[in-house]
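1. just the structure for this:
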Amino acid sequence: MPLSPPAWFILACLAILAWALVCRWLLHSPRQEPVVGLIYRGMQAYVGLLHRVRYEGLAGVPRGVGAGPLVVVCNHTAGIDPLLVQAACEFEVRWMMANDMRLPRFEPFWQFARIIGVDRQGRDTTSAREAIRHLKAGGVVGVFPEGGIERPPETLRPFYSGVGLIVSRSKAPVLPVWISGTPQVDRAWESLWTPSRARVTFGPIMRPEAGAGPEEITRSVRAWFQQVSGWPDTE
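-> Numbers count the residues shown, from 1 in each chain. Model (predicted):
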């Protein structure tokens, strides 16, 4: 039985409304772009289903895309860490990543994600300058100050003072994030497809005291991780 014109009109209105709701849902993402929104929603489903991620402290995480300037400081347990954190944040985090981990065949992805490459030898300060510039423009930067994945697992490595330098130069507050329960695998990228029961704990926003130097800021941030994790200290 063919539909009457009023029925077609109602269906068309419902279709338009559904499309508008989907677009709004996709635009509610770190870059407010449909493609990024689709990736963002897929990321949330992925970390929820494969890694059974459990978040704590979300009430203290800034909401919306205009959260910066902000330095997100995380301990480093596995290659999955940045995705676990970004999936819980409505704002875009530009992650700092060692250049030797930046595989050339994935360069289009690194460019799309706006990764800030880091020279682990410390001979090039370009990454620090780019991070500070982005923060002063109101952006958010993600840092793993241990400089590598924690080995052995559940031990806290020393923090490089570069994180303190970025914070002191940019005057940006710090959002500490403790990660645990991720896959314990030999290669960082294996954690992307290895199931786990990850736990991500967001700490309170930290605002360094006026006049505090890079070393002092680094020590104060690391002290939070020591207290929250209770893990052995390798320093």
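2. wait, doesn't L58 sit right on C89?
-> No - here L58 does not reach C89: they are 9.6 Å apart, not a contact under Cβ atoms under 8 Å. No exception for glycine: its C-beta is placed from N, CA and C like everyone else's.
3. can you map out the helices along the protein?
-> Using DSSP state H, the helices of the chain run over 5-27, 34-50, 81-86, 107-113, 126-136, 162-170, 214-229.
4. Serialize those helices to a markdown table and add fields for distance to F202 and mean pLDDT.
-> Output for the helices of the chain, formatted as a markdown table (distance: least, Cβ to Cβ, whole Å; pLDDT from 0 to 100):
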| stretch | distance to F202 | mean pLDDT |
| --- | --- | --- |
| helix 5-27 | 24 | 46 |
| helix 34-50 | 15 | 85 |
| helix 81-86 | 9 | 95 |
| helix 107-113 | 21 | 83 |
| helix 126-136 | 19 | 92 |
| helix 162-170 | 17 | 93 |
| helix 214-229 | 10 | 94 |
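5. let me have the ones you listed in JSON lines, extended by mean neighbour count and distance to P195.
-> As requested, the helices of the chain are arranged in JSON lines below (neighbours: other Cβ atoms under 10 Å; distance: least, Cβ to Cβ, whole Å):
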{"stretch": "helix 5-27", "mean neighbour count": "11", "distance to P195": "27"}
{"stretch": "helix 34-50", "mean neighbour count": "15", "distance to P195": "6"}
{"stretch": "helix 81-86", "mean neighbour count": "22", "distance to P195": "13"}
{"stretch": "helix 107-113", "mean neighbour count": "12", "distance to P195": "23"}
{"stretch": "helix 126-136", "mean neighbour count": "18", "distance to P195": "33"}
{"stretch": "helix 162-170", "mean neighbour count": "23", "distance to P195": "31"}
{"stretch": "helix 214-229", "mean neighbour count": "17", "distance to P195": "22"}
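6. of the ones you listed, which is nearest E154?
-> Nearest to E154 among the helices of the chain is helix 214-229; the distance by Cβ to Cβ comes to 7.7 Å.
7. wait, A198 sits on G181?
-> Yes - at 4.7 Å, A198 counts as touching G181 under the criterion of Cβ under 8 Å.
8. okay, and the common contacts of those two?
-> Counting by Cβ atoms under 8 Å, 6 or more residues apart in numbering, the contacts common to A198 and G181 are R54.
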